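Visitor: pasted the sequence and its predicted model underneath.
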Amino acid sequence: MVAVAVILAAVWVRKRPTPAAPGTNLTASIQAIAQLDLSPAPTSAEPALPAAPSPPPPAPPPRVQPVTPPAPAQPTQPPPTPAASSAPPGPAPSPYTRQLVKNLTSLDVSKGISPEQAAAWRGELDKLIKEGAASIPAIREFLDQNVDLVFDGVPGAEQLGARSVRLALFDALAQIGGPEAISLANRTLQITADPREIAVLARTLEQMEPEQHRQAALKAAREALALAAQNPAARNVSPLFEVLQKFGGAEVAAELEQAATKWNYYAPMALAALPNGAGISALTRIAQNVDGRFGASSRFALQMLAELAPQYPEAAQALVEQVKTQRLSDLAWYGIASALAGTQMVYSETYLDTVVPPPNAIDPKSYSIPSNQQYYRSYNVSLQWTPEQIQKQLQLIDQLRAVSPAAAAALEPTRAALAARLGQ
């Protein structure tokens, strides 16, 4: 059994941004990211469209360890600073609620977590929630310390129902509700730069006050993504893309397009998931890759267009136009064929319920790219297709095969498999 050191983890905290001048808008946000070094990462270590699944995306190694603070050499990523320093003082916690929080953070996970330990820990959390608004000062006091007890990789941690103490406390705020809980969640959202925390706080605030805090969540995600763009290998930012995708709509398409120069899978997946096909134009430009800056993103954008083609004629047309160029690689054809056969690509972990695989999904696969911390998975949904949907896929495949000899060869196995289901 692997021994795990029990350490309170430092939380990544954003500098409070300088207030925007009047008239600042989305374009300014895009320009702020554009000023960073967003050249494509070397593709030698990135499987643009994996020909075979890699092992499942690894959870971080068994640990309860510090989240790596920003390096001192990068002044735009300061070491954690107390959130409470700029916050007005609140009422002091009662000794009882302070002890309940202490009990949550003193869990011994050095030998894994037993069912008895998990039950006791959940019981302490329930007691804190039952105290209602009276527990808010104790929760605030802990959150203001900018530390956490992280359970990732600890044997038996799934029994706790939370990935860390802070994330558990965010969910507790949602259950407590009320103006004090909303205020604390919103204040923490303005400070943290941890992608998971931003997503969970966005979900928490959405539960407590639907549609009232979406702009704050988007702002937090944008700022954290701009920081992460300076070192994409440092952390997994899929929760930030999920926040942008769920709450941003068409207005974030340009930002996601720019981000594709750094995150060649996450950004196209988010664009493909925007409502009403709002990301198709950006996906088309990424696929065309006129100036060469999108690198491997261009191949994956083709796969996303192939996923969207049955639903959106403009996606199908964009795909046809790219096929006509006769410049597609074998990896590009692999992705297009997979999508036309019913494969869908999603983030490995979701925090905002943006991905709900159908119950009859098959052929699950997991992939990882450590060089820029991208973890994603796929599954095939073609078993739920009706005969009419299958026929529509065949028509699209035939349209592609008609404009390119390469398409005729690359898509023949997919066509044959679908046609067999119709008895053709």
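Guide: Right, received. Where do you want to start? Numbering: from 1, shown residues only.
Visitor: so what's the residue count around Ala216?
Guide: Other residues near Ala216 number 18, with proximity taken as other CB atoms under 10 Å. Glycine gets a C-beta too; all of them are placed from N, C-alpha and C.
Visitor: check contacts around it.
Guide: Taking CB atoms under 8 Å, 6 or more residues apart in numbering, we find Ala216 in contact with 186, 189-190, 205.
Visitor: try Ala318
Guide: 280, 283-284, 287, 305.
Visitor: of these, closest to Ala250?
Guide: Ala250 has its nearest neighbour among these in Ile280, at 10.6 Å by CB to CB.
Visitor: Val346 belongs to a helix?
Guide: No. Using DSSP: H, G, I helix; E, B strand; the rest coil, the secondary structure at Val346 is strand, not a helix.
Visitor: mind jotting down where the helices sit in the stretch 151-300 of the chain?
Guide: Counting by DSSP state H, counting those that start in this stretch, the stretch 151-300 of the chain has these helices, from start to end: 165-176, 178-191, 195-208, 214-228, 238-248, 253-259, 266-273, 280-288, 297-308.
Visitor: and the third one with helix 178-191, angle?
Guide: Right, helix 195-208. 150 degrees (axes from the mean of the first three to the mean of the last three CA atoms, to 10 degrees).
Visitor: residues contacting helix 195-208, please?
Guide: With CB under 8 Å, 6+ apart, helix 195-208 has contacts from 11, 163, 166-167, 170-171, 173-174, 177, 181-182, 185-186, 188-189, 192, 212-214, 216-217, 220-221, 224, 228, 235-240, 242-243, 246-247, 351-352.
Visitor: hmm, 6 Å instead?
Guide: The list of residues contacting helix 195-208 from outside it, by CB atoms under 6 Å, 6 or more residues apart in numbering, reads 167, 170, 173-174, 177, 182, 185, 189, 213, 217, 220-221, 224, 237, 239-240, 242-243, 351-352.
Visitor: chain center to that helix: distance?
Guide: Averaged C-alpha coordinates place helix 195-208 at 13 Å from its chain's average position (CA atoms, centre = their mean, to the nearest Å).
Visitor: what residues of it count as buried?
Guide: Residues 195-206, 208 are the ones in helix 195-208 that count as buried (16 or more other CB atoms under 10 Å).
Visitor: same check, this time on the first one
Guide: Along helix 165-176, the positions that meet the burial threshold by neighbour count (16+ other CB under 10 Å) are 165-176.
Visitor: mind giving me the packing neighbours of it?
Guide: helix 115-130, helix 195-208 (3 or more CB pairs under 6 Å, 6 or more residues apart in numbering; DSSP states H and E).
Visitor: hey, C-alpha coordinates of it in CSV?
Guide: Output of helix 165-176 as CSV, limited to C-alpha atoms (Å, rounded to 0.1, in the frame of the first residue of the first chain):
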residue,chain,number,x,y,z
VAL,A,165,-12.3,19.8,1.6
ARG,A,166,-12.7,23.1,-0.3
LEU,A,167,-14.9,21.5,-3.0
ALA,A,168,-17.0,19.9,-0.3
LEU,A,169,-17.5,23.2,1.4
PHE,A,170,-18.6,24.8,-1.9
ASP,A,171,-21.3,22.2,-2.2
ALA,A,172,-22.2,22.8,1.5
LEU,A,173,-22.7,26.5,0.7
ALA,A,174,-25.2,25.5,-2.0
GLN,A,175,-27.1,23.3,0.4
ILE,A,176,-27.1,26.0,3.1
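Visitor: same question for it, mean pLDDT?
Guide: The average of the pLDDT scores along helix 165-176 is 97.
Visitor: which residues are in contact with that helix?
Guide: Contact with helix 165-176 is made by 104-105, 125, 129, 132, 139, 148-149, 162, 181, 185, 200-201, 204, 207-208, as judged by CB under 6 Å, 6+ apart.
Visitor: let's see 7 Å
Guide: 104-105, 125, 128-129, 132-133, 135, 139, 142-143, 148-149, 162, 181, 184-185, 196-197, 200-201, 204, 207-208 (CB atoms under 7 Å, 6 or more residues apart in numbering).
Visitor: in a strand, Tyr376, correct?
Guide: Yes. Using three-state DSSP, the assignment for Tyr376 is a strand.
Visitor: which residues touch it?
Guide: 265, 345-348, 367.
Visitor: that older thread, now the helices and strands packed on helix 165-176 in TSV, with mean pLDDT?
Guide: What follows is those, written out as TSV (pLDDT from 0 to 100):
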stretch	mean pLDDT
helix 115-130	98
helix 195-208	97
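Visitor: in TSV, list those along with distance to Leu383.
Guide: Formatted as TSV, these follow (distance: least, CB to CB, whole Å):
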stretch	distance to Leu383
helix 115-130	36
helix 195-208	30
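Visitor: of all these, which one comes closest to Gly292?
Guide: helix 195-208 (28.8 Å).
Visitor: tell me what angle that closest one forms with helix 238-248.
Guide: Using the same axes, to 10 degrees: helix 195-208 against helix 238-248 is 30 degrees.
Visitor: just the angle for helix 195-208 relative to helix 214-228, thanks.
Guide: 180 degrees.
Visitor: about what we covered before: pipe the helices of the stretch 151-300 of the chain into TSV and attach distance to Val109 per row.
Guide: Putting these into TSV (distance: least, CB to CB, whole Å) gives the following:
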stretch	distance to Val109
helix 165-176	11
helix 178-191	24
helix 195-208	18
helix 214-228	27
helix 238-248	23
helix 253-259	35
helix 266-273	30
helix 280-288	43
helix 297-308	38
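Visitor: out of those, which is closest to Lys392?
Guide: Nearest to Lys392, of these and by CB to CB, is helix 297-308 at 13.1 Å.
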